[in-house]
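Chemist: give the three-dimensional model of this entry:
(one chain, ligands or ions: 1)
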Amino acid sequence: MRILVVEDEAKLAQFIELELKYEGYEVMVANDGLSGLSTARESQPDLIILDWMLPGISGVEICQRLRSTGDKVPVILLTAKDEVGDRVKGLDAGADDYMIKPFSIEELLARVRAALRRTQEQETNVLQFSDLKLNRSSREVFRGTRRIELTAKEFDLLEYLLAHPRQVLTRDQILERVWGYDFMGDSNIIEVYVRYLRLKLEAENETRLIQTVRGVGYVVRE
Ligand code: CA
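Modeler: Residues are numbered from 1 along each chain as shown. You can find the predicted model right below:
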(Lines give C-alpha, C1' and ligand atoms only; values in the text may rest on other atoms or scores of the structure.)
Protein backbone atom coordinates (compact mmCIF):
# COMPACT_ATOMS: atom_id res chain seq x y z
CA MET A 1 0.00 0.00 0.00
CA ARG A 2 1.39 3.38 -1.05
CA ILE A 3 0.62 6.53 0.86
CA LEU A 4 1.32 10.10 -0.17
CA VAL A 5 1.91 12.64 2.60
CA VAL A 6 1.50 16.28 1.57
CA GLU A 7 2.66 18.46 4.45
CA ASP A 8 4.80 21.60 4.48
CA GLU A 9 5.95 21.31 8.09
CA ALA A 10 9.08 19.28 7.39
CA LYS A 11 9.36 17.82 10.90
CA LEU A 12 5.76 16.66 10.99
CA ALA A 13 6.01 15.24 7.47
CA GLN A 14 9.09 13.27 8.43
CA PHE A 15 7.48 12.00 11.62
CA ILE A 16 4.40 10.75 9.76
CA GLU A 17 6.60 9.24 7.07
CA LEU A 18 8.67 7.25 9.59
CA GLU A 19 5.62 5.99 11.44
CA LEU A 20 3.91 4.88 8.24
CA LYS A 21 7.06 3.14 7.02
CA TYR A 22 7.33 1.38 10.36
CA GLU A 23 3.80 0.05 9.75
CA GLY A 24 4.95 -1.33 6.41
CA TYR A 25 3.53 1.26 4.02
CA GLU A 26 5.45 2.67 1.10
CA VAL A 27 5.55 6.44 1.60
CA MET A 28 5.99 9.44 -0.68
CA VAL A 29 6.27 12.98 0.66
CA ALA A 30 5.51 16.32 -0.97
CA ASN A 31 6.10 19.62 0.84
CA ASP A 32 3.91 21.98 -1.17
CA GLY A 33 0.59 21.98 -2.96
CA LEU A 34 1.70 21.78 -6.57
CA SER A 35 4.15 18.93 -6.12
CA GLY A 36 1.55 17.20 -3.96
CA LEU A 37 -0.99 17.38 -6.77
CA SER A 38 1.45 16.22 -9.44
CA THR A 39 2.71 13.34 -7.29
CA ALA A 40 -0.88 12.29 -6.58
CA ARG A 41 -1.63 12.24 -10.31
CA GLU A 42 1.57 10.56 -11.44
CA SER A 43 2.08 7.90 -8.81
CA GLN A 44 -1.56 7.03 -8.02
CA PRO A 45 -1.18 6.37 -4.28
CA ASP A 46 -3.68 4.21 -2.39
CA LEU A 47 -4.29 7.00 0.12
CA ILE A 48 -3.32 10.65 0.66
CA ILE A 49 -2.70 12.41 3.96
CA LEU A 50 -3.20 16.00 3.00
CA ASP A 51 -2.47 19.12 5.00
CA TRP A 52 -5.01 21.90 4.50
CA MET A 53 -2.74 24.95 4.61
CA LEU A 54 0.01 24.50 2.06
CA PRO A 55 2.19 26.85 0.06
CA GLY A 56 0.95 27.08 -3.51
CA ILE A 57 -2.43 25.44 -3.66
CA SER A 58 -4.35 24.37 -0.57
CA GLY A 59 -5.17 20.83 0.45
CA VAL A 60 -8.85 21.47 -0.17
CA GLU A 61 -8.11 22.61 -3.70
CA ILE A 62 -5.94 19.56 -4.36
CA CYS A 63 -8.80 17.39 -3.18
CA GLN A 64 -11.29 19.18 -5.43
CA ARG A 65 -9.03 18.90 -8.44
CA LEU A 66 -8.49 15.18 -7.92
CA ARG A 67 -12.22 14.55 -7.52
CA SER A 68 -13.02 16.66 -10.59
CA THR A 69 -11.03 14.21 -12.71
CA GLY A 70 -12.76 11.21 -11.16
CA ASP A 71 -9.91 10.24 -8.82
CA LYS A 72 -11.47 8.40 -5.86
CA VAL A 73 -8.30 7.95 -3.77
CA PRO A 74 -9.15 8.20 -0.05
CA VAL A 75 -8.03 11.51 1.44
CA ILE A 76 -7.45 12.30 5.11
CA LEU A 77 -7.25 16.04 5.59
CA LEU A 78 -5.11 17.55 8.35
CA THR A 79 -6.39 20.83 9.72
CA ALA A 80 -5.15 23.23 12.37
CA LYS A 81 -7.49 23.88 15.27
CA ASP A 82 -8.59 27.32 14.09
CA GLU A 83 -9.65 25.89 10.75
CA VAL A 84 -12.09 23.46 12.30
CA GLY A 85 -15.03 25.70 11.43
CA ASP A 86 -14.15 25.06 7.81
CA ARG A 87 -14.15 21.30 8.05
CA VAL A 88 -17.46 21.08 6.21
CA LYS A 89 -15.68 22.73 3.30
CA GLY A 90 -13.08 19.96 3.43
CA LEU A 91 -15.67 17.22 3.39
CA ASP A 92 -17.54 19.00 0.60
CA ALA A 93 -14.31 19.08 -1.37
CA GLY A 94 -14.33 15.29 -1.26
CA ALA A 95 -12.09 14.48 1.71
CA ASP A 96 -13.04 11.17 3.37
CA ASP A 97 -11.87 12.06 6.84
CA TYR A 98 -10.05 14.83 8.67
CA MET A 99 -7.86 15.18 11.72
CA ILE A 100 -7.28 18.21 13.90
CA LYS A 101 -3.71 19.13 14.71
CA PRO A 102 -2.15 18.24 17.05
CA PHE A 103 -3.29 14.65 16.73
CA SER A 104 -2.03 11.37 18.10
CA ILE A 105 -0.15 9.29 15.58
CA GLU A 106 -2.01 6.19 16.80
CA GLU A 107 -5.29 7.76 15.81
CA LEU A 108 -3.96 8.78 12.41
CA LEU A 109 -2.74 5.21 11.82
CA ALA A 110 -6.12 3.82 12.84
CA ARG A 111 -7.89 6.14 10.40
CA VAL A 112 -5.46 5.19 7.64
CA ARG A 113 -6.26 1.50 8.22
CA ALA A 114 -10.01 2.21 8.27
CA ALA A 115 -9.88 4.23 5.05
CA LEU A 116 -7.85 1.55 3.24
CA ARG A 117 -10.22 -1.15 4.50
CA ARG A 118 -13.22 0.76 3.12
CA THR A 119 -11.67 0.97 -0.35
CA GLN A 120 -10.84 -2.72 -0.32
CA GLU A 121 -14.41 -3.60 0.61
CA GLN A 122 -15.70 -1.40 -2.20
CA GLU A 123 -13.30 -2.98 -4.65
CA THR A 124 -14.46 -6.53 -3.97
CA ASN A 125 -17.96 -5.29 -4.71
CA VAL A 126 -16.88 -4.14 -8.13
CA LEU A 127 -16.14 -6.54 -10.95
CA GLN A 128 -14.21 -5.01 -13.78
CA PHE A 129 -12.97 -6.20 -17.14
CA SER A 130 -11.47 -3.74 -19.61
CA ASP A 131 -13.76 -0.66 -19.50
CA LEU A 132 -16.74 -2.69 -18.25
CA LYS A 133 -17.60 -2.29 -14.56
CA LEU A 134 -20.29 -3.98 -12.53
CA ASN A 135 -21.10 -2.95 -8.98
CA ARG A 136 -22.63 -5.80 -7.02
CA SER A 137 -24.08 -3.71 -4.21
CA SER A 138 -25.60 -0.87 -6.22
CA ARG A 139 -26.32 -3.22 -9.16
CA GLU A 140 -25.00 -0.60 -11.57
CA VAL A 141 -23.15 -1.36 -14.79
CA PHE A 142 -20.90 1.02 -16.69
CA ARG A 143 -19.08 0.80 -19.99
CA GLY A 144 -16.50 3.56 -19.56
CA THR A 145 -18.64 6.45 -18.33
CA ARG A 146 -21.80 5.19 -20.07
CA ARG A 147 -24.31 3.73 -17.68
CA ILE A 148 -26.08 0.61 -18.88
CA GLU A 149 -29.54 -0.41 -17.72
CA LEU A 150 -29.93 -4.18 -17.39
CA THR A 151 -32.84 -6.36 -16.40
CA ALA A 152 -32.36 -8.55 -13.30
CA LYS A 153 -31.54 -11.65 -15.35
CA GLU A 154 -29.17 -9.81 -17.67
CA PHE A 155 -27.40 -8.48 -14.61
CA ASP A 156 -27.09 -11.94 -13.03
CA LEU A 157 -25.71 -13.41 -16.25
CA LEU A 158 -23.17 -10.62 -16.67
CA GLU A 159 -22.15 -10.88 -13.01
CA TYR A 160 -21.47 -14.60 -13.37
CA LEU A 161 -19.45 -14.11 -16.56
CA LEU A 162 -17.45 -11.17 -15.15
CA ALA A 163 -16.63 -13.06 -11.97
CA HIS A 164 -14.70 -15.55 -14.14
CA PRO A 165 -12.72 -13.48 -16.63
CA ARG A 166 -10.91 -15.41 -19.40
CA GLN A 167 -12.44 -18.65 -18.15
CA VAL A 168 -14.69 -20.56 -20.54
CA LEU A 169 -18.03 -21.25 -18.88
CA THR A 170 -20.08 -24.07 -20.31
CA ARG A 171 -23.72 -23.64 -21.18
CA ASP A 172 -24.62 -26.09 -18.39
CA GLN A 173 -22.65 -24.12 -15.81
CA ILE A 174 -24.34 -20.91 -16.89
CA LEU A 175 -27.81 -22.45 -16.86
CA GLU A 176 -27.28 -23.89 -13.41
CA ARG A 177 -25.82 -20.77 -11.86
CA VAL A 178 -27.99 -18.12 -13.46
CA TRP A 179 -31.30 -19.91 -14.05
CA GLY A 180 -31.08 -22.65 -11.42
CA TYR A 181 -31.00 -26.45 -11.44
CA ASP A 182 -34.69 -26.78 -12.02
CA PHE A 183 -34.80 -24.61 -15.11
CA MET A 184 -37.05 -26.46 -17.56
CA GLY A 185 -37.34 -23.86 -20.28
CA ASP A 186 -35.65 -23.57 -23.63
CA SER A 187 -31.87 -23.87 -23.32
CA ASN A 188 -31.59 -21.27 -26.08
CA ILE A 189 -32.36 -18.83 -23.30
CA ILE A 190 -28.61 -18.26 -22.84
CA GLU A 191 -28.13 -17.27 -26.48
CA VAL A 192 -31.08 -14.93 -26.22
CA TYR A 193 -29.72 -13.22 -23.11
CA VAL A 194 -26.18 -13.00 -24.41
CA ARG A 195 -27.60 -11.28 -27.49
CA TYR A 196 -29.46 -8.77 -25.29
CA LEU A 197 -26.31 -8.13 -23.27
CA ARG A 198 -24.16 -7.62 -26.35
CA LEU A 199 -26.67 -5.16 -27.81
CA LYS A 200 -26.50 -3.09 -24.65
CA LEU A 201 -22.76 -3.43 -24.00
CA GLU A 202 -21.86 -2.62 -27.60
CA ALA A 203 -24.49 0.06 -28.23
CA GLU A 204 -21.80 2.60 -29.08
CA ASN A 205 -19.67 0.24 -31.16
CA GLU A 206 -17.49 -0.76 -28.26
CA THR A 207 -15.36 -3.89 -28.63
CA ARG A 208 -16.99 -7.24 -27.89
CA LEU A 209 -16.16 -8.61 -24.44
CA ILE A 210 -18.48 -11.63 -24.27
CA GLN A 211 -17.14 -14.17 -26.75
CA THR A 212 -18.84 -17.33 -27.97
CA VAL A 213 -16.85 -20.55 -27.69
CA ARG A 214 -18.58 -22.71 -30.30
CA GLY A 215 -20.08 -25.91 -29.00
CA VAL A 216 -19.03 -25.09 -25.43
CA GLY A 217 -20.24 -21.84 -23.96
CA TYR A 218 -19.03 -18.31 -23.36
CA VAL A 219 -16.02 -16.44 -22.09
CA VAL A 220 -15.24 -12.87 -21.14
CA ARG A 221 -12.15 -11.74 -22.97
CA GLU A 222 -11.07 -9.07 -25.45
CA1 CA B 1 0.59 23.57 6.71
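
Chemist: buried sites along the top helix by length along the chain?
Modeler: Longest helix in the chain by number of residues, with DSSP state H as the criterion: helix 105-124. Judged by neighbour count (16 or more other Cβ atoms under 10 Å), helix 105-124 contains these buried residues: 108, 109, 111, 112, 115, 116. The C-beta positions use only the backbone N, C-alpha and C, and glycine is treated the same way.

Chemist: where does the protein dip in pLDDT?
Modeler: Within the chain, the ranges that satisfy pLDDT under 70 run 81-85, 181.

Chemist: can you give me the strands in it?
Modeler: 2-6, 26-30, 47-51, 75-79, 97-100, 126-129, 132-135, 140-143, 146-148, 169-170, 210-213, 217-220 (DSSP state E).

Chemist: for the first one, packing partners?
Modeler: Read it as strand 2-6. Packing partners of strand 2-6 (3 or more Cβ pairs under 8 Å, 6 or more residues apart in numbering; DSSP states H and E): helix 10-22, strand 26-30, helix 33-43, strand 47-51.

Chemist: give me whichever of the ones you listed is most buried.
Modeler: Mean neighbours per residue, mean count of other Cβ atoms under 10 Å, is largest over these for strand 47-51, with a mean of 27.

Chemist: could you figure out how far that strand is turned away from helix 105-124?
Modeler: 140 degrees (axes from the mean of the first three to the mean of the last three Cα atoms, to 10 degrees).

Chemist: how about residue 96, nearest residue that isn't a chain neighbour?
Modeler: Once flanking residues are discounted, residue 96 sits nearest to residue 74: 4.7 Å by Cβ to Cβ, 6 or more residues apart in numbering.
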